[in-house]
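**Student:** Coordinates for the following, if possible.
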Amino acid sequence: MIKINEAKKIVLSEMSRPVVDEAKFDELLIKLGRAANIFVVGHGRSGLVAKMFANRLLQLGLSVHAIDEITCPPVKKTDLLLILSGSGSSLALVDAAEIALNEKAEVALITAEDVSRLTAVIKTVIVLRADTKHSTHKVSKQPMGAMFEQSSFLLLEACVLCLQERLARDEVFMENHHANIE
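**Tutor:** Numbers count the residues shown, from 1 in each chain. Alright, predicted model coming up:
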C-alpha cells in the first residue's frame, strides 16, 4: 500500500515535469496586462483552476470574469478570453472561443494537446505535456487528468508572480483587493 509521503513525492515530481514555452508564456503575460477585461473558462477541475487564477487577477487589480457566472458581461474587442482545456476539444469551449474571436477579442489557450479543435483556431497556445483524462499513453501515476490540472495551477501561480512584478503590485495592494465579505 502506498504511503502518504511517497504519494506526495509522486505528485510533486509530476507537477513540475511539463516545460513551458517561454515565448508563448510571455505572449500570454502581455495579453493579460493589456486586456480591458479578462474572461476565464474551463470545465470541471480545469474550470476550478481557472477560477482560482481569476481570483488572483482580481487581487492584482485587473478586471476579470468567469464566463459561467450570471454577472459576466459580454466579451468585446479589447478583452481576452483564457481557456483551460486538457483535450482542447470541448464543444462548449470551442463555441466560447469562436464567439470571442467573432467579437475580435484575444483568445489564449492552456492545453495538453498540440492538435485539437481549439488549437486550430487560437494563436496563443501554451501546451503542457501532461496527462489528461483522455490520454491513451499515460505517463502519470495519477488518475483522470490530475497532472494537467496541477500543472496548469502551477503555471498560473507563476503567472501571478510575473504579473505582480510587471504591474508593480505588492502584497499590500493585493490584500486591499481581497474580498472583505465572504
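**Student:** Tell me where the chain has helices.
**Tutor:** Here the chain has its helices, by DSSP state H, at 4-15, 22-34, 44-59, 91-102, 146-166, 171-176.
**Student:** now the ones you listed as TSV including mean pLDDT?
**Tutor:** Converted to TSV, the helices of the chain look like this (pLDDT from 0 to 100):
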stretch	mean pLDDT
helix 4-15	83
helix 22-34	95
helix 44-59	96
helix 91-102	97
helix 146-166	91
helix 171-176	92
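**Student:** In JSON lines: those, plus mean neighbour count and distance to residue 121.
**Tutor:** For glycine as for every other residue, the C-beta is placed from the backbone atoms N, C-alpha and C. Output for those, formatted as JSON lines (neighbours: other C-beta atoms under 10 Å; distance: least, C-beta to C-beta, whole Å):
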{"stretch": "helix 4-15", "mean neighbour count": "12", "distance to residue 121": "29"}
{"stretch": "helix 22-34", "mean neighbour count": "15", "distance to residue 121": "16"}
{"stretch": "helix 44-59", "mean neighbour count": "20", "distance to residue 121": "18"}
{"stretch": "helix 91-102", "mean neighbour count": "16", "distance to residue 121": "6"}
{"stretch": "helix 146-166", "mean neighbour count": "19", "distance to residue 121": "20"}
{"stretch": "helix 171-176", "mean neighbour count": "12", "distance to residue 121": "34"}
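**Student:** nearest to residue 85, of these?
**Tutor:** helix 91-102 (5.1 Å; C-beta to C-beta).
**Student:** helices or strands next to that closest one in the packing?
**Tutor:** The contact analysis (3 or more C-beta pairs under 8 Å, 6 or more residues apart in numbering; DSSP states H and E) places helix 91-102 against strand 38-42, strand 80-85, strand 106-111.
**Student:** Residues in contact with the first one: which ones?
**Tutor:** Read it as strand 38-42. By C-beta atoms under 8 Å, 6 or more residues apart in numbering, the surrounding residues in contact with strand 38-42 are 32, 47-51, 53-54, 57, 62-68, 72, 75, 79-85, 93, 96, 100, 105.
**Student:** Packed most tightly, which of the helices and strands packed on helix 91-102 would that be?
**Tutor:** Each of the helices and strands packed on helix 91-102 was scored by mean neighbour count; the highest is strand 80-85, a mean of 28, by mean count of other C-beta atoms under 10 Å.
**Student:** what lines up beside that strand in the sheet?
**Tutor:** Strand 80-85 has these partner strands in its sheet, going by DSSP bridges: strand 38-42 (parallel), strand 106-111 (parallel).
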